[in-house]
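Q: next come a sequence and a model predicted from it.
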Amino acid sequence: MPVIRVVLLWHMHQPYYKDLVTGEYRLPWVRLHALKDYYGMVRVAEEFPGVHQTFNLVPSLVAQIQEYAAGTARDPFLELASKPAAELNQEERRQALQYLFQANPVHVIGRYPRYRDLWERYHGAGEMPARAERFFQNRDYTDLQVLSQLAWFDEFFLQEPEIAALVHKGHDYTREDQEFVIAEQGKLLQRVLPEYKAAARSGVVELSTSPFYHPILPLVCDTAMGAVSSPGRPLPQARFQHPEDAGEQLRRGLELHEKVFGSRPRGVWPSEGSVSEPVLALAHEQGVQWMATDEGVLGRSLAFNFARDGSGKLPEHAAEKLYTIYRYEKNQAGMHLFFRDHTLSDLIGFVYSSMPAKEAAEHLIKNVKDSARPVLAQGKDAVVAIILDGENAWEYYPQSGREFLRRFYSALQKDSELEAVTASEAIARQRDFGKLESLVPGSWINANFDIWIGAPEDNRSWDYLSAAHDFFAEHAPHVEPGKRELAYEELLIAEGSDWNWWYGPEHHSVNDREFDELYRKHLANVYQALGAAPPEHLAHPIYSGVGRPVYVPQTAYIHPRIEGDLVRYFAWLGAAMYTADRRSGSMHGKRFVLDAVYAGIDEQYLYGRMDFAGKPPEERCEILVNLEVWPDKAKQPGRTLCLDISCQQGAIAAWHLRETATGEVVAGSGRGSTGAELVLRKNFEFKLPLQWVVPQFVAAKNGGSGAGSKLRVRFSMWRDRLPIDALPLEGWIELHLLSEAELAAFAFAQ
């Protein structure tokens, strides 16, 4: 009987946070995730020997974990947590408040009552260290130092008696408790990499790797690829072409992996699933047997749209194309390729965290089986690739998602129709491979490279990298080998994908400035290592710190949770977005209030989000969301509505959705609001049933054509009947009312 082979690949990655010149780690996330997700994920996998899976460990992450395990990593955040509270100076106290609360407030901070109480105290002071520090005494700082570390301990570690006793104590921690937590971290970190090595030797998991510093290999080979995947995309002034660096990144990654784990990996997850034909040729030359990317890349390569129905399922002919392994062969290069099921992968990453674990696991198993059913009906085995980040999602699950994983793995292991295999096992058992003779370059995000190239900040960072590389080529031959090697290492680090992830309009975090400073520091180190002063432009931020006037259309259905203070970047990925230009984007009083707005739809709902440039206003004000429905080919809107939200003391007091022409209330607080959600906290977010706004959209949701119809959205803030800011200031965000399949096709056609 045919079977469904499930290929699970968990990608473990953090940027390279170490400054090679100072030796300091600029951010603590390698240490914290190594204490939590990296260890726990492989330990849970070992509980289910019938569920074989693949873990991808980025070499630069492995190298950083090795330093922490050896006790040689200089981590100022660990030092901050280690210092006696009574000895903290004012700057250190403020740093403690700024950095030791950087965790999920619900599932990381919230599970420890004292930690949650401290966070609420800090939150109540506007999350401003200078204002909040007067509410914290020495005992508060000691508890914060201890709990901010314990909160990242893995579920397995929390079961160990001494750690469990410390958790049970809950508050009023002593200096001895603080020292124990710090010392214990070093011991626990030493267990991470050996656990992966043991799991690989047992056959439960396969270990794969990535290029060493996680670069976007197609762009390192040639930044012109940015316009190949997105024709017309603005490119950097200087064309960056260094395939020799791409090859070096691959070679170093394969060699470190072999040195640490004892065997050369067969497979590579290219950074961000980014592939191109030159990249496949480079990987083939170095003996790589398989790589993986996203279904969108396959669709573009086959000139085929993987259009799903309203329940997210592919039709029979599409399922047969996706649920197999492909063999790429061109010239002398050959490679086995897996293409991830985007929908199933995203369910784990962004949806199941808000569902009960039992229901989520059952839903995933059913979706896997239903998705592959058309292939089985043809008498063929199906290969379903589920590939996603192996660390960040678990902050949003209760207890790091362990109940969900155990229920899912248990069901996989027991179901005779399902076979969970490693990537190499899937290849070995495959009888017929799909054939590919060409590949469109792209990544796992929208099958292009727009996240990393094209925006002004992105292009500036590439130009700075090009200048540093040119300087290296000219001056490196004239310096001693040690300095030359240091300079080249810094170039390779600067080629990593993570810097441009945070540049441009798509992603933001509380550490934007730190990422920008560290990137420019790596480039400055190139010049310093070669005996020269860094150019003046590296003294100035690439990250502007102000809104960027950029509009991005909706490219996929979104399903965000409406929380108002827990922005999840990927939950809004695919939404239409407009960022502010603060030079011209303010209105009355020259107040710069709004930073960015987002809007998007799915089958049932309209979603919106408004980010503030600073703190949400505490005074009385109004938020207006104007909506215009434009029927197909109409020259004027067929319907106009206004969502009117009254705000007091930083919270929503009342809201109404009204017909603009008649003033008739469609829904509002206290009446007819079932299905709506509106929240104002750090930002403003809403969710409205789409039928309130566009009743006829139900046809498009079931596969009928909605092409041409549009929903226009504009946000504004008012005080005393005067507008103080609006986005977009001119024009609208336009949402095309299409089924998800039509929306994807429309986005790729732009």
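A: Structure's in. What do you need?

Q: excluding covalently adjacent residues, which one is nearest to Tyr519?
A: Sequence neighbours aside, Trp499 is the residue nearest to Tyr519 in space, at 4.1 Å (criterion: Cβ to Cβ, 6 or more residues apart in numbering). Where C-beta positions appear, they are placed from N, C-alpha and C, glycine not excepted.

Q: so the one you found belongs to a helix, correct?
A: Yes. Judged by DSSP: H, G, I helix; E, B strand; the rest coil, Trp499 forms part of a helix.

Q: local confidence estimate at it?
A: pLDDT recorded at Trp499 is 92.

Q: return the residues in contact with it.
A: Pro15, Ser461, Phe515, Asp516, Leu518, Tyr519 (Cβ atoms under 8 Å, 6 or more residues apart in numbering).

Q: and these, which of them are in helices?
A: Judged by DSSP state H, helices contain the following of those: Ser461, Phe515, Asp516, Leu518, Tyr519.

Q: low pLDDT regions in the stretch 351-500 of the chain?
A: Counting by pLDDT under 70, the stretch 351-500 of the chain contains no low-confidence range.

Q: all helices of it, in order?
A: 357-377, 402-414, 423-429, 456-475, 481-494, 498-502 (DSSP state H, counting those that start in this stretch).

Q: report the distance from the shortest one to the chain centre.
A: Put plainly, it is helix 498-502. How far helix 498-502 lies from its chain's middle: 11 Å, per Cα atoms, centre = their mean, to the nearest Å.

Q: can you check stretch 296-311 too?
A: Centroid displacement of stretch 296-311 relative to its chain, using Cα atoms, centre = their mean, is 22 Å.

Q: give me the contacts around that stretch.
A: Against stretch 296-311 from outside (Cβ under 8 Å, 6+ apart): 273, 275, 295, 314-315, 318, 321-322, 326, 337, 339, 342-343, 436, 438-440, 442-444, 446-447, 603, 701-703, 739-742, 744-745, 748.

Q: mind giving me the PyMOL select for these, buried ones only?
A: Filtering these down to the buried ones (16 or more other Cβ atoms under 10 Å) takes a single PyMOL command:
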select buried, resi 273+275+295+314+318+321+322+326+337+339+342+343+436+439+440+442+443+444+446+447+603+701+739+740+741+742+744+748
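
Q: before we move on, the earlier item: what is the most widely separated pair among the contacts of Trp499?
A: Taking Cβ to Cβ as the measure, those span a maximum distance of 13.9 Å, between Pro15 and Ser461.

Q: so in terms of bridging, what pairs with the residue lying closest to Arg671 once chain neighbours are set aside?
A: Leaving aside its sequence neighbours, Arg671 sits nearest to Val665 (Cβ to Cβ, 6+ apart; 7.3 Å). Taking DSSP bridges as the rule, Val665 bridges to Arg658.

Q: Val665 and Ala654 touch, don't they?
A: No. Judged on Cβ atoms under 8 Å, Val665 makes no contact with Ala654 at a distance of 11.4 Å.

Q: if I look at Ser424, how far off is Phe338?
A: With distances taken as Cβ to Cβ, to the nearest Å, Ser424 is found 11 Å from Phe338.

Q: would you map the strands across the stretch 51-200 of the chain?
A: 53-57 (DSSP state E, counting those that start in this stretch).

Q: rewinding a little: how about the contacts made by the residue nearest to Arg671?
A: Per Cβ under 8 Å, 6+ apart, neighbours of Val665: His656, Leu657, Arg658, Arg671, Gly672.
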